[in-house]
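Student: Model the structure of this input:
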Amino acid sequence: MTWTPEQCGQFLDSIESGRLYPLFRLGAYYRLRRAELIGLAWADVDLASRRLQVGDDVKSDDSDRIIAIDQGTAHVLRSWQERQLFERLGWDTGWRDSGRVFTREDGRHVLPAG
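Tutor: Alright, predicted model coming up:
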């Protein structure tokens, strides 16, 4: 089933305060695949210029591309980066630095099948 823009908007509105809202927003707004989302590293994100270097290890190198994001999405990612920093501080030595944008609460990477 494919959602209408209205259905997608309703879903995003309903999870806006949730931990994974930034992931779903990027996926919905920019049609990123799951592997691209969970593989996205902070090193590939330039919030100042609002650009993401996106790739997918499963796909060919031809799937690598640069995506320009809107101001609102850049703001959401900045807020997410701050939240992730607070999570990191909370976990102290238990934090696992994967370098990824989207992680579990302890910093470990999110598994593609999960």
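
Student: Leu23 reaches Leu37, doesn't it?
Tutor: Yes. Contact criterion CB atoms under 8 Å: Leu23 and Leu37 qualify, at 5.5 Å. C-betas here are computed from N, CA, C, even on glycine.

Student: Mind giving me the packing neighbours of the longest helix along the chain?
Tutor: Determined from DSSP state H, the single longest helix within the chain is helix 71-91. Helices and strands touching helix 71-91, by 3 or more CB pairs under 8 Å, 6 or more residues apart in numbering; DSSP states H and E, are helix 21-30.

Student: one more time with 10 Å, if that's ok
Tutor: Under the contact criterion of 3 or more CB pairs under 10 Å, 6 or more residues apart in numbering; DSSP states H and E, helix 71-91 touches helix 21-30, strand 45-46, strand 51-54.

Student: how about JSON lines for the ones you listed, with distance to Ile67 and mean pLDDT added?
Tutor: Below are the helices and strands packed on helix 71-91 laid out as JSON lines (distance: least, CB to CB, whole Å; pLDDT from 0 to 100):
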{"stretch": "helix 21-30", "distance to Ile67": "5", "mean pLDDT": "95"}
{"stretch": "strand 45-46", "distance to Ile67": "10", "mean pLDDT": "97"}
{"stretch": "strand 51-54", "distance to Ile67": "5", "mean pLDDT": "95"}
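
Student: Quick check, central residue of this structure?
Tutor: Here the mean C-alpha position of the chain is nearest to the C-alpha of Leu23 (CA atoms, centre = their mean), at a distance of 3.8 Å.

Student: quick one: buried residues of the helix or strand of the chain with the lowest mean pLDDT?
Tutor: Within the chain, confidence by mean pLDDT, DSSP states H and E is lowest for helix 34-39 among all helices and strands, at a mean of 92. Residues of helix 34-39 classed as buried: Glu36, Leu37, Ile38, Gly39 (neighbour count, 16 or more other CB atoms under 10 Å).
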